[in-house]
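Trainee: please work out how this folds:
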Amino acid sequence: METAAISHRVADFLKQYPPFQAMEDGDLLNLARGGRVRFFEANEYILWQGASRHQVFVIQQGTVSLWDEQGADAKLCDVRGAGDLLGIDQFNDSRSYLFSARSASDVLVYVFPADEFANLVLKYPYAKKFVAAYGSVTAEYRSSEEWRDPDNVFLHSVVAGKKLSACDGRSSIREVARQMLATGADAVVVLDSEQRAQAILTPMSFLEWIEKGTLDAREPVATLIAGAPPSIAADLSVTHGVLAMAAANECALVLTSDGTSSGRVHGLVTSQDLGQVFGDQPVEILREIRCATDTAALRQLNHRARAFALRYLTSASSSDWLAGFTSTIDANILRKIIAMEAPTELRACWCFSGSSGRGESLTRLAPTVAMIMEDGQDPAASLDTYQRVLNLLGECDYLPTTDRHFEAAFYSATLAEWKERYFNWVRAPVFNKMYLARPLFDLRPIHGLESLWKDVEDAVTSAVNREFLFVLANDCLASLPPLTFFQNAVVDETGAETSIFRLEHSALGPLVDVGRVFGMAARNVMGRSTLERFAMARTLLPDHASIFREASEMLRIVLWLQARVGISQGTSGSELPPALLSRYDRQILRTGFRSILRLLEFTADLQWLNTL
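Mentor: The predicted structure follows:
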């Protein structure tokens with residue numbers, strides 16, 4: 001690279017690929033000037049595993065394979081092509097090259113001094129994050145879209161400068177109604193003598209008072225108080241506010257110093273306030289579901305909720321709160337359909353299983369619904385109700401579920417039948433094909449008699465034993481993550497290539513299966529998310545906490561990608577062509593695949609069982 005023309009040509013090549021796209025032209029040209037060109041014929045070593053690292057390589061053309069040669073047999077670890085980096089692990093706390101790199105064809109590479117690369121490239125935040133993706137997975141990984149991230153908008157900032165609409169309990173109903181009309185407030189907080197929140201009054205509060213028929217406007221508003229107001233800490237983000245409003249089924253929250261109604265009041269936030277942040281009102285979507293009169297309205301709200309989720313899938317970590325939001329959407333749609341169709345005398349508990357049971361379904365994938373009937377109920381009538389509910393759920397434009405492995409009639413059964421099934425699955429998991437029933441161990445109550453679900457949960461908890469965990473842990477090796485991406489293909493551990501990335505089968509599924517094992521080991525599996533199960537595993541096995549922490553980060557990334565692609569493409573996101581993934585997506589997944597493999601190997605080793 002002796003001439004200016006060659007330096008410009010190298011710079012032009014580099015700017016086509018991350019992380020060099022983030023660099024200013026002057027820095028990119030200076031980097032190119034300090035580089036060298038090297039050529040390798042097929043089957044030559046480019047890097048030796050364990051050698052000291054002083055250089056960074058960028059593949060200009062050709063194919064390079066990475067090998068772990070520490071064992072008796074070399075193990076293929078990755079395949080890289082034009083635009084990919086080699087020797088980059090030195091910037092992730094490695095003192096030597098982690099893998100050997102061999103040319104799989106004629107290869108041309110650009111070689112740069114490591115210190116020049118660090119000084120000119122890593123000063124850019126995007127470049128630093130991209131290089132870090134070669135060494136670890138992180139849920140702070142973000143897409144390139146520049147949406148306003150609601151995780152970074154705090155409730156106190158939403159109401160900053162907004163005068164608190166408040167009254168005391170001795171004020172008359174007429175006075176408070178007049179105050180709300182004069183100020184245009186959509187909510188008012190009732191304070192006691194010590195300025196603590198007693199209640200939140202909204203227009204609905206006055207409508208309910210009118211419906212009762214007393215109609216004496218001179219009464220104090222204290223007579224309208226029905227219970228402690230929903231409260232939340234003022235320093236939490238608006239995403240927490242959305243989920244808190246949804247859980248409380250309210251359209252306003254009191255912001256307090258400690259998140260309780262006895263804390264010092266900082267303000268009052270309403271669904272309209274949150275709507276100004278989001279551009280749509282997530283709490284309003286939930287309210288409209290409760291008020292919907294037919295499945296046509298529910299279908300439109302289902303689509304609206306997913307469009308809202310897609311807009312705010314700004315980073316892998318955003319999948320946490322958005323999974324909570326879409327899970328609440330699905331639960332409210334089911335509750336509304338049950339209210340439309342199910343007879344009030346039916347004594348049962350309606351549940352979600354599989355991804356919906358774990359609260360991890362962000363796409364329009366239909367939730368798998370199970371019904372636990374109280375013993376003695378008419379099975380034929382109950383099954384008829386169950387089928388009608390499923391039919392109406394289908395009219396809400398959900399996608400066909402992949403979690404259902406039995407006929408529809410199987411999912412409507414009495415408490416005694418469900419308990420017997422779980423007992424048989426745990427007692428003889430191989431003979432009774434428990435692998436088909438794994439999603440049913442994610443059962444979560446949604447509507448009805450929750451005590452029936454609790455009886456099932458107690459039965460499962462008491463039945464789980466060491467032998468069952470042994471089988472379940474061993475079964476986790478049934479699906480392994482791919483090795484890498486190469487061009488627009490997925491490469492498995494044998495080097496075979498496929499054109500479709502089976503995200504559900506080879507990335508999300510193994511994480512979920514391992515989480516379920518450790519949830520059962522902690523005797524707390526049903527109604528729990530995979531993230532909660534990994535948190536339990538960290539508590540059970542603190543010496544191996546890093547494995548489960550990495551698994552949690554990878555789960556967020558996979559859910560984020562599944563939701564982003566699935567919602568935008570109108571699919572479940574369970575399978576997708578690699579062409580839909582950016583180079584950044586692919587690199588973070590490559591690193592994550594190794595994390596999943598370490599997790600599977602640790603789980604299948606079973607030595608951890610001896611420490612419990």
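Trainee: so D73 belongs to a strand, correct?
Mentor: No. Using DSSP: H, G, I helix; E, B strand; the rest coil, the assignment for D73 is coil, not a strand.
Trainee: how far away is it from W67?
Mentor: For D73, the distance to W67 equals 10 Å [CB to CB, to the nearest Å]. Backbone N, C-alpha and C define where each C-beta goes, glycine included.
Trainee: go on, R304?
Mentor: 50 Å.
Trainee: so which of D73 and W67 has more stuff around it?
Mentor: Applying other CB atoms under 10 Å to D73 and W67 shows that W67 carries more neighbours, namely 17 against 6.
Trainee: need the contact list for the more buried one.
Mentor: Q49, A74, K75, L76, C77, F99, S100, A101, R102 (CB atoms under 8 Å, 6 or more residues apart in numbering).
Trainee: try it again with 6 Å
Mentor: Contact analysis of W67 by CB atoms under 6 Å, 6 or more residues apart in numbering lists A74, S100.
Trainee: which SS state does it fall under?
Mentor: Secondary structure state of W67, per three-state DSSP, is strand.
Trainee: okay, and the beta partners of it?
Mentor: Counting by DSSP bridges, W67 forms beta bridges with L76, S100.
Trainee: okay, it: pLDDT?
Mentor: At W67, the pLDDT value in this model is 87.
Trainee: which stretches in the stretch 101-250 of the chain count as strands?
Mentor: Per DSSP state E, counting those that start in this stretch, the stretch 101-250 of the chain carries strands over the ranges 107-113, 166-168, 188-191, 197-201, 231-233.
Trainee: can you get me the start-to-end distance on stretch 334-350?
Mentor: One end of stretch 334-350 sits 9 Å from the other (CA to CA, to the nearest Å).
Trainee: repeat that for stretch 351-361.
Mentor: 14 Å.
Trainee: from the chain's centroid, how far away is that stretch?
Mentor: 12 Å (CA atoms, centre = their mean, to the nearest Å).
Trainee: next, work out how far apart L86 and L443 are.
Mentor: The value you get for L86 to L443, if CB to CB is used, is 47 Å.
Trainee: any low-confidence regions in this structure?
Mentor: 1-4, 93-95, 135-149, 279-280 (pLDDT under 70).
Trainee: picking that back up, could the strands of the stretch 101-250 of the chain go into CSV alongside mean neighbour count and distance to T530?
Mentor: CSV is the format used below for these (neighbours: other CB atoms under 10 Å; distance: least, CB to CB, whole Å):
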stretch, mean neighbour count, distance to T530
strand 107-113, 20, 40
strand 166-168, 18, 42
strand 188-191, 23, 38
strand 197-201, 23, 35
strand 231-233, 21, 26
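Trainee: setting aside sequence neighbours, what's the nearest residue to I329?
Mentor: Counting by CB to CB, 6 or more residues apart in numbering, I329 lies nearest to A305, which is 4.4 Å off, once chain neighbours are set aside.
Trainee: report the secondary structure state of the closest residue to L313 other than its chain neighbours.
Mentor: Counting by CB to CB, 6+ apart, R564 is the residue found nearest to L313 once chain neighbours are left out, at 5.2 Å. For R564, the assignment made with three-state DSSP gives helix.
Trainee: number of nearby residues for R564?
Mentor: Counted with other CB under 10 Å, the neighbours of R564 add up to 25.
Trainee: quick one: it and G394, what's the gap?
Mentor: 25 Å.
Trainee: a strand runs through V58, doesn't it?
Mentor: Yes. Assessed by three-state DSSP, V58 belongs to a strand.
Trainee: please parse the protein into its domains.
Mentor: 4-132, 150-279, 299-611 (automatic domain parsing).
Trainee: closest to I289 out of these?
Mentor: Nearest of the domains of the chain to I289, taken as CB to CB: domain 299-611 at 4.6 Å.
Trainee: what separates that closest one from the chain centre, distance-wise?
Mentor: Taking CA atoms, centre = their mean, the mean C-alpha location of domain 299-611 is offset from the chain mean by 11 Å.
Trainee: now do the contacts for G83.
Mentor: By CB under 6 Å, 6+ apart, the neighbours of G83 are Y17.
Trainee: separation between the spatially most central residue of the chain and D458?
Mentor: By CA atoms, centre = their mean, the mean C-alpha position of the chain lies nearest to S319, the distance being 3.6 Å. To D458, S319 is 31 Å away according to CB to CB.
Trainee: how many other residues sit next to S451?
Mentor: 12.
Trainee: which helix or strand contains it?
Mentor: Using DSSP states H and E, S451 sits within helix 450-463.
Trainee: what's downstream of that helix, the next helix or strand?
Mentor: Using DSSP H and E, the helix or strand that follows helix 450-463 in sequence is helix 466-475.
Trainee: what helices and strands are in contact with that next one?
Mentor: Judged by 3 or more CB pairs under 6 Å, 6 or more residues apart in numbering; DSSP states H and E, the packing partners of helix 466-475 are helix 509-521, helix 583-605.
Trainee: quick one: those helices as a markdown table, columns for mean neighbour count and distance to G495 too.
Mentor: Below are the helices and strands packed on helix 466-475 laid out as a markdown table (neighbours: other CB under 10 Å; distance: least, CB to CB, whole Å):
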| stretch | mean neighbour count | distance to G495 |
| --- | --- | --- |
| helix 509-521 | 24 | 20 |
| helix 583-605 | 20 | 15 |
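Trainee: export these as CSV, with columns for distance to V389.
Mentor: Below are those laid out as CSV (distance: least, CB to CB, whole Å):
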stretch, distance to V389
helix 509-521, 26
helix 583-605, 36
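Trainee: A323: which of those is closest?
Mentor: helix 509-521 (13.1 Å).
Trainee: so what does that closest one touch, helix or strand wise?
Mentor: helix 466-475, helix 530-540, helix 583-605.
Trainee: and V490, which of these is closest to it?
Mentor: Here helix 583-605 is closest among these (CB to CB), at 9.8 Å.
Trainee: tilt between the closest one and helix 466-475?
Mentor: 150 degrees (axes from the mean of the first three to the mean of the last three CA atoms, to 10 degrees).
Trainee: I'd assumed F485 was in a helix, is it?
Mentor: No. F485 is assigned strand when assessed by three-state DSSP, not a helix.
Trainee: still on that earlier bit, okay, L86 and L443: which has more neighbours?
Mentor: Higher neighbour count among L86 and L443: L443, with 26 against 22, using other CB under 10 Å.
Trainee: mind listing what A507 touches?
Mentor: P481, V558.
Trainee: can I assume D403 is in contact with F441?
Mentor: No. With contacts defined as CB atoms under 6 Å, D403 does not count as touching F441, sitting 11.6 Å away.
Trainee: surely F112 meets V37?
Mentor: No. Using CB under 6 Å, F112 is not in contact with V37, being 11.0 Å away.
Trainee: overlap in contacts, the two.
Mentor: With the criterion set as CB under 6 Å, 6+ apart, the contacts of F112 and V37 do not overlap.
Trainee: now the angle from the helix holding S451 to helix 509-521?
Mentor: Using the same axes, to 10 degrees: helix 450-463 against helix 509-521 is 90 degrees.
Trainee: what's helix 450-463 packed up against?
Mentor: Using 3+ CB pairs under 6 Å, 6+ apart, the elements in contact with helix 450-463 are strand 348-353, helix 415-427.
Trainee: that one: which residues count as buried?
Mentor: L452, W453, D455, V456, E457, A459, V460, A463 (16 or more other CB atoms under 10 Å).
Trainee: want to try a markdown table for the residues you listed, with distance to S262 as columns?
Mentor: Below are the buried residues of helix 450-463 laid out as a markdown table (distance: CB to CB, whole Å):
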| residue | distance to S262 |
| --- | --- |
| L452 | 35 |
| W453 | 32 |
| D455 | 35 |
| V456 | 37 |
| E457 | 33 |
| A459 | 39 |
| V460 | 38 |
| A463 | 42 |
